[in-house]
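[1] give me the fold of what follows.
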Amino acid sequence: MRTAEQYREKLRSMRKNVYINGQLLERDDPQLIPGQNVIAETFNFAADPKYADLMTAKSHITGKTINRFTHIHQSVDDLLKKQEMTRFLCQHVGGCIQRCMGVDALNALSVVTKDCDLAMGTNYHERFLKYLEYYQENDLVGNCAQTDVKGDRMKRPHEQVDPDLYLRVVEKRSDGIVVRGAKAHNTIAPYADEIIVVPTRFMTEKDADWAVAFAVPADTEGVYLVCRATAPRQRKEFKAPIEQYGSADSLTIFDNVFVPWERVFLCGETKFAGQLAIQFANYHRHSYTGCKPAVTDVIMGATALVAEYNGVAKAPHVRDKLADLVAVAELVYGTGIASAVKASKAASGTYVPNFVYTNVARYHAGVNVYHEHEILADIAGGLPATLPPEGDFLNPVTRDLLNKYIMRNPEISADDVHRCFRLCSDMLCSAHAGVSQVAGIHGGGSPIMEKIAIMGMYDINAKKKIAKRLAGIEE
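    The predicted structure follows:
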């Protein structure tokens, strides 16, 4: 397994293809460091013997100890530990741990490549296992690039005026394929080792050129990572752990990118494009059952703390709102547990979390994002929005006055009150907060997509039969 420093060293050696605000940047640019700090924790905790059971696993192909973020789930316990690990790490960094994208894509590929081989006589699974061994051996970090830019949402890939609005194969060669297109919303891409591409939707027979899955190094020639990056506001003296973590997302452009056949895991098998799209979504939504409860834990903790500092912790309306937060966090987490316990075993041997439960959990997480932040804003009051900048708390002219007038409970120091409200401001009013809130709704699929998945998988007819029997209606 790699160390965090080895991970950073690899990033520094990669070809420059990351753009932010018109500039071509090295991967150690300060704007990308907060995101890398998040990923570094997945290496740091894996190296700590105290967390070995949670953070590591045994590879089912080599028997070696590997980082759990590179593991293919071989049991219900694997799914449960992945969920527990995700919640733990997200609590630690105060938000998305980001590395789940790679492991979720790997597990989806492990299922669908095997199913495709069995049905079509292809050899994608053998290719995938060789790639997986390389991925595990090098303890790589992967981004899953799924969402196409889509163009006209009412048209399928082959119907678009510009066929590149869904990523597609433009040439097949003896040694590989050439692809062109773009994938959007790619969290972690500018500081990932690999870009793993999977389809974004079900395909028709006319969409064969768009039914493609593959993996390439993130600095491959022809790949352009056009990014935005955010982090909590940096502080001069009132340092806090949360400020070192952040995220970056990419519009990942593939401009005639060559992919060797050994890295191609689907190419034209339209029936399996949709299956791969939904399998990745399923695994990623299961990861959200660890991630989203952790984010709620942070919001819950901040709400309870600011209520205490404001002297209203025992007020009935505060306790009622905290109960709302508890209910969301533990409902989502509990449903994630249910999806693991009710998992099925695929032909590849990979365990697949229950589709209905993962989508129910992700739906409830998504529709409650703004309600959770509304609770924090309600209890904190207006100060997170109007808190004077840190410099005013350091200026000798205004420092003592601000410390005097920020005081609430006399048993709590002005310094602690200031730190509490600066945290709330970062969580509610910063650019990073805005990105996190929108991502909380749409990351892993918008609530409407979860509803579609739920209704596509749920047996409503069985419930109608119950009603008919109770009503005395014969079949």
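[2] next up, the contacts around the residue nearest to Asn44 when sequence neighbours are not counted.
    Nearest-residue entry for Asn44: Ala4, 5.5 Å, with adjacent residues in sequence omitted and distances by Cβ to Cβ, 6 or more residues apart in numbering. To be clear about C-beta, it is placed using only N, CA and C from the backbone, and glycine gets the same treatment. Neighbouring residues of Ala4 by Cβ atoms under 8 Å, 6 or more residues apart in numbering: 39-41, 43-44.
[3] narrow the residues you listed to those that are buried.
    39-41, 43 (16 or more other Cβ atoms under 10 Å).
[4] with secondary structure and pLDDT added, can I get the residues you listed in TSV?
    Formatted as TSV, the buried ones among the contacts of Ala4 follow (DSSP: H, G, I helix; E, B strand; the rest coil; pLDDT from 0 to 100):
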residue	secondary structure	pLDDT
Ile39	helix	98
Ala40	helix	98
Glu41	helix	98
Phe43	helix	98
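[5] out of the residues you listed, flag the one nearest to Asp139.
    Asp139 lies nearest to Phe43 out of the buried ones among the contacts of Ala4, by Cβ to Cβ, at 7.6 Å.
[6] tell me which stretches of the stretch 1-150 of the chain form helices.
    4-12, 33-46, 52-55, 76-93, 100-120, 124-137 (DSSP state H, counting those that start in this stretch).
[7] tell me the contacts of the residue nearest to Lys114 when sequence neighbours are not counted?
    Take Lys114 and drop its neighbours on the chain: the residue closest to it by Cβ to Cβ, 6+ apart is Ser348, 3.7 Å away. By Cβ under 8 Å, 6+ apart, the contact set of Ser348 is 110-111, 113-115, 125.
[8] PyMOL command to pick out the buried ones of the residues you listed?
    The PyMOL command for the buried members of these (criterion: 16+ other Cβ under 10 Å) is given here:
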select buried, resi 110+111+113+114+115+125
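[9] for the protein, longest helix please?
    Ordering each helix of the chain by length in residues (DSSP state H) puts helix 270-310 first.
[10] circling back to that earlier point, select, out of the helices of the stretch 1-150 of the chain, the one closest to Leu24.
    Among the helices of the stretch 1-150 of the chain, helix 4-12 comes nearest to Leu24, with 15.2 Å by Cβ to Cβ.
[11] how many neighbouring residues does the spatially closest residue to Val312 that is not a sequence neighbour have?
    Using Cβ to Cβ, 6+ apart and skipping residues adjacent in sequence, the residue nearest Val312 is Val318, 5.5 Å away. Neighbour count for Val318, taken as other Cβ atoms under 10 Å: 20.
[12] so which helix or strand takes in Val318?
    Val318 belongs to helix 316-341 when assigned by DSSP states H and E.
[13] repeat for Ile412
    Using DSSP H and E, Ile412 sits in no helix or strand.
[14] residue contacts, it?
    308-309.
[15] for the remainder of this discussion, apply numbering that starts at 21.
    Sure, I'll start counting at 21 from here, so that last one is Ile432.
[16] just the pLDDT for it.
    On pLDDT, Ile432 comes in at 95.
[17] counting by contacts, list what the helix or strand containing Arg382 packs against.
    Secondary structure assignment for Arg382, by DSSP H and E: helix 375-387. With contacts taken as 3 or more Cβ pairs under 8 Å, 6 or more residues apart in numbering; DSSP states H and E, helix 375-387 sits against helix 290-330, helix 336-361, helix 451-462, helix 467-477.
[18] swap the cut-off to 7 Å and go again
    Applying 3 or more Cβ pairs under 7 Å, 6 or more residues apart in numbering; DSSP states H and E, one finds that helix 375-387 makes contact with helix 290-330, helix 336-361, helix 467-477.
[19] contacts for the helix or strand following that helix, please.
    Under the assignment DSSP H and E, the closest C-terminal helix or strand after helix 375-387 is helix 389-400. Helix 389-400 is touched from outside by 316, 319, 322-323, 326-327, 338, 341, 344-345, 348, 444, 447-448, 457, 460-461, with contacts defined as Cβ atoms under 7 Å, 6 or more residues apart in numbering.
[20] then stretch 55-63?
    22-24, 27-28, 31, 87, 89, 109, 112-113, 117-119, 161, 208, 211, 249, 264-268.
[21] could I get the helices and strands packed on helix 375-387 as JSON lines with distance to Ile215 and mean pLDDT?
    Output for those, formatted as JSON lines (distance: least, Cβ to Cβ, whole Å; pLDDT from 0 to 100):
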{"stretch": "helix 290-330", "distance to Ile215": "14", "mean pLDDT": "97"}
{"stretch": "helix 336-361", "distance to Ile215": "27", "mean pLDDT": "97"}
{"stretch": "helix 467-477", "distance to Ile215": "22", "mean pLDDT": "87"}
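[22] out of those helices, flag the one nearest Leu421.
    Comparing the helices and strands packed on helix 375-387 by their distance to Leu421 (Cβ to Cβ), the top pick is helix 290-330, with 19.2 Å.
[23] what angle sits between that closest one and helix 451-462?
    In terms of direction (axes from the mean of the first three to the mean of the last three Cα atoms, to 10 degrees), helix 290-330 departs from helix 451-462 by 130 degrees.
[24] could you name the helices and strands sitting against helix 290-330?
    helix 96-113, helix 120-140, strand 284-287, helix 336-361, helix 375-387, helix 389-400, helix 434-449.
[25] now find how far off-centre that helix is within its chain.
    8 Å (Cα atoms, centre = their mean, to the nearest Å).
[26] next, the angle helix 375-387 makes with it.
    40 degrees.
[27] hmm, back to that, now do the next helix or strand after the helix holding Val338, average pLDDT.
    Following helix 336-361 in sequence order, the next helix or strand is strand 364-365 (DSSP H and E). What strand 364-365 shows for mean pLDDT is 98.
[28] can you list the strands that strand 364-365 pairs with?
    Looking at strand 364-365 with DSSP bridges, its partner strands are strand 371-372 (antiparallel).
[29] which other residues reach stretch 171-191?
    By Cβ under 7 Å, 6+ apart, stretch 171-191 touches 168-170, 197-203, 217, 223-224, 226-227, 229-230, 232, 274, 276, 287.
[30] cool, thanks, talk later.
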